[in-house]
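Undergrad: any chance you could fold what I've pasted below:
(2 chains)
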Amino acid sequence: MWVVLIILLLTQLTAAVTCEKVDVLQISTAAEVWIEFSFETWGLVFGNPQTLASGQKNVVWGVDFYITQKALAYSTPVFVKWDRELKYAIEIEYFDSSESWRVEEYVCKHGGVVYTYYKLTHKPEKMSKFIEFTVSSTSARYSARQFLKVSIPIQRYLHSVCVELPDDDSWPSCRKKFVDENVVKWGRGQTVWTALEINGRRPGESVDAGFVRVTIPNPLYYTDHGAYNDLGIYSAILSTDLSRGQYISDVWQTPFLRRITLTVTAVPSKWGSVKLSPPRPLPLYISTVTLNTSCAPPQCFVIDAVGNSTWVGTSWRWRGTLRSIAIKTGEYLTPHVAVTLGGKSLLYNDTVEVKMPLGSIAKLGVSIFWKLRDLWVDSHATYLRVVDNFGIFVNYEAVARSGKLYYKPQAREASLYVALDGEFSQISTAWYSPPNPCRQWPRQTFDCLYSQHVYTKYAGGWVGYAKVGPPGGTQWPLSKLTLVNWLVGGQVCREGGFRDLMSLVWGDPHLYYHHVYRVKTYAFNPQSGDFDILSECVSRPPHQVSLLSEVYRAAEYRNTTLGVEPLLHQTADPTYGNFYNYQWEKVDGGVELPAGWSDALPLGLATLPTNSSPRWLVSIIPTTACTNIMCLEVDAALWPPGVALALPGVGYSFSLTYLGSEKNVTLRMWVEAGYVVDSTFKWGRNISLVQLTRRWRPMDTLYVGPGWHLDYKPVEPCQPIAIGKRPIYVTPVNYTGPLQIVLEEVETGSKYFYIFFVTNQVSYLLKTTTVVPQVFKNPQLDMSIYLYLEGVPYFHGINVFSGGGRQYPFRCIHNGGLQTVARGEFTQWFEMVGRVEFVDRVSEPRYELLSGGIVKITAEGPVVGYAFYLNRNGSWVKVAEAAASVVYVNASRIFPWDPLLVLPIVRQETLAKPGLAVDIWRPKARLLYKTWADQVGYPLGDKSRYALH
Amino acid sequence: MLSIKVLLITTGAMAVAAVVAAAVLSSMYKADWSVRYIAESIKAEKPAKVNTPVEVKTYVIWYNVGGESLQLYLLAVGRCPPPDVYMGVYTLSNNSIHLPNCSFLFPAIGEKIIHYYATCAQSTDFFPEAVELEYQFVVRLVIVKC
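TA: Numbering: from 1, shown residues only, chains lettered A, B, ... in the order given. Reported below is the predicted structural model:
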């Protein structure tokens, strides 16, 4: 190309266009054009497919998911045999590269404005070229490239190239512009053909993959045209650098500059699909303890019940019951289907569809995930449901019998094997997985309390947290209410057989399973100290079922009920379907697990028992005024909620959780008795805690204290929330017994009552251990003191005082629940809640001389071993340790001028109660050396040598 | 009171014995009193000094105490005959046996068991030092340094 200079001349404005020729140019625009062809094949799926998925990607439970409802799966085969060669052709029209363009340069004026124009006087000849690409009949992939020399149209180099110069009407444009382009005139593709072999398989062949079996379509059509495949996609696309892609045979005069691209994908014609549907959203249930008796599904499920009961004679007599119930909140768990296929994972909150070419066999991993607002909630094994959300019975039996479907629940992700061919090209499946709200992702927001201790009467007296069991054997708390247990399974011995949760909540259809079960449970017998009072009930059909165990190829299934309502396979999977905990027996002998019904676990929160049907849940929150040893000013902190017990004269706050539907509520809350502590002390009946008006949503939680409230913040176990200088509610000092909390909704006047118990039945577990340093100076005994209230590990921020004037800071540990522990070297006495005096007992080594210079070492008290020291460079350095309460030492070489220091290692675990003294064993070191006669003698100056016998 | 028996007699002299010069030996016959003096001082756990060197020899003898065998030392001061003839169980009142030019200090069995050990074969200066420890009984050893 020649560089052309443009000269601008200014002239006067005139009315007409006047043009003046200033130059004649000859321009060559020869260039190379690339024509690229690529061909690939989508094959049938056998084993690990490619998954074509798109959409936003999210991480859930640590796994990457595409948030998409649809996906395609296919393979990329290596070997293929087509029935012919595949030909793709285009015809190109272009300007001959061996000729130049001749233009005349004009300067035109009009109305005082001057522009330069080029008038085309000669153009290169238009040529035609036919280009064809051929894919061999055994190629699954192919690419090729051709080059063509052309002349680029002149208007790409100069602008304003005219065929006719501008006149008055067309100014400032040319009267006729030159717009000719190089074009692809037309294209032609293969459109439809067949495959004679793909992935080593032939049309009409049957492939048995163990669990499922597929027949390859015959003939096996392949296409690049949307009208010939079930997906409607066109896959022979021509595009240039001047135009978007088009289907090859739609091409007509498509311009190009330097590049023409033809991309072809051979797509199987026939496609099938697998649909995976989630269940309906489930309401979130929260369990709490109540005295109230009315509770009916689906609003409420009874989880467990214990008595205010007394042992009379040979059995328990119930007088009034305390129950744990799971109440439906206004919150819902939304189900999502998670599908993994070919290394990719899909997640969607509605039916997911995966399309595969007919003749494919694939294994999909299926899970159901549950979401609670912005939290993901855990779930158990994933099962096929026998009916879908629209109440349609899904007939897996026919599909499975033909070998088109096989399913196995396997922990969280179930395995689904499908084979799509002409027999069943569309397979629909419905799924369920029991949710477990006690575990959440990405942050653990709610910690479940799995069981709550309650009071009961035993032998005429109140037994709070008594432990019973065979003497010297395992001790169980006498009264414990389970808070987290399966909703439906908990009511096994009621009339009417087992019930299905989705049916109870949504009226979902279910099948019936006809089987008679015997359920055995064992109650505690105080006379034997064992759980040996047998209680039996028989659970008669019909039982509602909706979940399947295996679905397989057999013609008949075990225990299929005959008649109008067949059941696809009998019981829930013995390993993963076992989400109930009773002892099952068939009435005529043997053990057989019940069939699968949909079920769920409730969220068990540590709450105060109430005697009303709960609309609010209240928990008690240990509150400390400060967490340092020295408190100069109040720096309050809220600790995680605990059991419904309180110490006298100690700080507590409360948390409120609303379970009703969204509403503006003015709430008043007060406690029966106690103090409010800030700078002034206040005491009285009916301590008013808080009055506030607010819009409450279901599950909204607040912390409340005297005159203040705070939004809920989830915390790790043992992590406090600092709340600064606020007044704190303190329990009455000289009172033990129940205290009532009243909640009043001002708008409706409704009152709700809650109870917690103030008790001073404190006990401690003392654990001591002797410090065994490398260099010994003085015997040191480390002690840890664990706090128990009513025999249960208890936490509050209480420091420990000890004899010798020291104060030790409390620590919080996670021991099932939270517990206070203090560690240090406590002497004479200690006081946490109530003082315990120590009686010091000394454990000092005793020696017994045996034949041969062997000394037997023993010590009184709980000795677990001994540490031995020799004096080296002025310090007692440890030379050995022995882990036995009786040790034999060969002292033949332990001379009196270099004695051995023996330190007993004492370890003790003792229960202590305030007001009582407890024996504490403390170690005392003693020297050992020989004073008897032997052949070694007494070589003065020799160093002693320690030798264990 | 401990039940103690003399189990068997082993006249094994301690390896600390060195060769005694003949010249020294001859002078000992005249210094009869120094042997007894040294023996009495050792028993009293007091240092003793004499003009001419005196021989000392430590023997190991076996006792049986409550079923367990116990070895104790027997100290022979001066030129002594084999002690076999004198073996027995002695108390603190009678555990020193004096012969011409020889004194035996036998282990004394009583509230404590006391016995005597010499760290040299002969000397003119003797420094007894006692150490004791309680096992199932107390054993007090008087180590005589030279």
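Undergrad: hmm, the longest helix anywhere in chain B in reach of chain A?
TA: Determined from DSSP state H, the single longest helix within chain B is helix B:32-44. No. Helix B:32-44 lies out of reach of chain A by C-beta under 8 Å from any C-beta of the partner chain, never closer than 14.8 Å. Where C-beta positions appear, they are placed from N, C-alpha and C, glycine not excepted.
Undergrad: helices or strands up against that helix?
TA: strand B:48-65, strand B:68-78, strand B:96-99, strand B:102-105, strand B:122-134, strand B:138-145 (3 or more C-beta pairs under 8 Å, 6 or more residues apart in numbering or on different chains; DSSP states H and E).
Undergrad: using TSV, please lay out these together with mean neighbour count.
TA: Converted to TSV, those look like this (neighbours: other C-beta atoms under 10 Å in any protein chain shown):
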stretch	mean neighbour count
strand B:48-65	20
strand B:68-78	23
strand B:96-99	17
strand B:102-105	23
strand B:122-134	17
strand B:138-145	20
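Undergrad: can I get those strands in TSV with distance to A:F46 and mean pLDDT?
TA: Shown next, in TSV, are those (distance: least, C-beta to C-beta, whole Å; pLDDT from 0 to 100):
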stretch	distance to A:F46	mean pLDDT
strand B:48-65	89	86
strand B:68-78	84	88
strand B:96-99	107	89
strand B:102-105	102	92
strand B:122-134	86	93
strand B:138-145	89	94
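Undergrad: make TSV out of the ones you listed and add distance to chain A.
TA: Output for these, formatted as TSV (distance: least, C-beta to the nearest C-beta, whole Å):
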stretch	distance to chain A
strand B:48-65	5
strand B:68-78	4
strand B:96-99	18
strand B:102-105	13
strand B:122-134	4
strand B:138-145	4
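Undergrad: can I get these in a markdown table with distance to A:L548?
TA: Putting these into a markdown table (distance: least, C-beta to C-beta, whole Å) gives the following:
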| stretch | distance to A:L548 |
| --- | --- |
| strand B:48-65 | 83 |
| strand B:68-78 | 78 |
| strand B:96-99 | 102 |
| strand B:102-105 | 98 |
| strand B:122-134 | 80 |
| strand B:138-145 | 84 |
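Undergrad: which of these sits closest to A:H336?
TA: Checking the helices and strands packed on helix B:32-44 against A:H336 by C-beta to C-beta gives strand B:122-134 as the closest, at 78.4 Å.
Undergrad: contacts for the strand or helix carrying A:F757 next, please.
TA: A:F757 belongs to strand A:750-758 when assigned by DSSP states H and E. When contacts are defined by C-beta atoms under 8 Å, 6 or more residues apart in numbering or on different chains, strand A:750-758 is touched by residues A:455, A:464, A:608-612, A:614-616, A:618, A:620, A:644-648, A:731-732, A:735-745.
Undergrad: average model confidence for that strand?
TA: Across strand A:750-758, the average pLDDT comes to 85.
Undergrad: now the element after that strand, going C-ward?
TA: Criterion used, DSSP H and E; the element after strand A:750-758 is strand A:762-770.
Undergrad: residues in contact with the residue lying closest to A:Q828 once chain neighbours are set aside?
TA: Nearest residue to A:Q828 in three dimensions, chain neighbours excluded: A:G803, at 2.7 Å (C-beta to C-beta, 6 or more residues apart in numbering or on different chains). Applying C-beta under 8 Å, 6+ apart, we find A:G803 in contact with A:826-830, A:838.
Undergrad: try 6 Å
TA: A:827-829 (C-beta atoms under 6 Å, 6 or more residues apart in numbering or on different chains).
Undergrad: ok, back up a step: buried residues, the longest helix of chain B. List them.
TA: For helix B:32-44, a neighbour-count test (16 or more other C-beta atoms under 10 Å in any protein chain shown) marks B:34-43 as buried.
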